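Trainee: Generate a structure from the sequence data that follows.
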Amino acid sequence: MADKKHKRLTIAELRDFKGFEGYTDEQAEETIKTLEKLSILFYNLHMKNKQIGKTFKISHQEDQKQKSKSTKKKNKDESGKHGEQPHAA
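Mentor: Have a look, this model is predicted:
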C-alpha cells in the first residue's frame, strides 16, 4: 500500500511517539496500516474538495460574467426606452 514516492512509517519510528512505546509488533503494524488508510482517505477528500473549489470558482466566474452581460443589456434597453417617442394611436 505504501507508494514508492513516500516513505512508510516503521515500527521503530512509531514506537518513538509518546503512547506507542509499548506496542507489540502486531499492534504497531495495525496502527501503521490504519494511519496509511486515514492518510489516503484525507488526501482523497482534500483533492476532491480542491476540485470542487475549482469547479465552484469557475462556475461562480461564469455566473458573474452572465450577470454582467444581463445588466449591460438591461441598462442598454432601458436607455433606449428613455429616448423613444410615444407611438400615436
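Trainee: So, low pLDDT: which residues of this structure?
Mentor: Judged by pLDDT under 70, the chain has its weakly predicted residues at 1-4, 55-60, 79-89.
Trainee: just the helices in it please.
Mentor: 11-15, 25-82 (DSSP state H).
Trainee: Can you tell me which of those is packed in deepest?
Mentor: helix 11-15 (a mean of 14; mean count of other C-beta atoms under 10 Å). The C-beta positions use only the backbone N, C-alpha and C, and glycine is treated the same way.
Trainee: Show me what that helix is packed up against.
Mentor: The contact analysis (3 or more C-beta pairs under 8 Å, 6 or more residues apart in numbering; DSSP states H and E) places helix 11-15 against helix 25-82.
Trainee: And the helix it packs on, what does it pack against?
Mentor: helix 11-15.
Trainee: Outside of the helix it packs on itself, list whatever touches it.
Mentor: 20-21, 23, 25, 28-29, 31-32 (C-beta atoms under 8 Å, 6 or more residues apart in numbering).
Trainee: 6 Å instead, please
Mentor: For helix 11-15, contacts defined as C-beta atoms under 6 Å, 6 or more residues apart in numbering pick out 20-21, 25, 28.
Trainee: Which of these sits closest to G53?
Mentor: Of all those, G53 sits closest to F20, with 35.3 Å by C-beta to C-beta.
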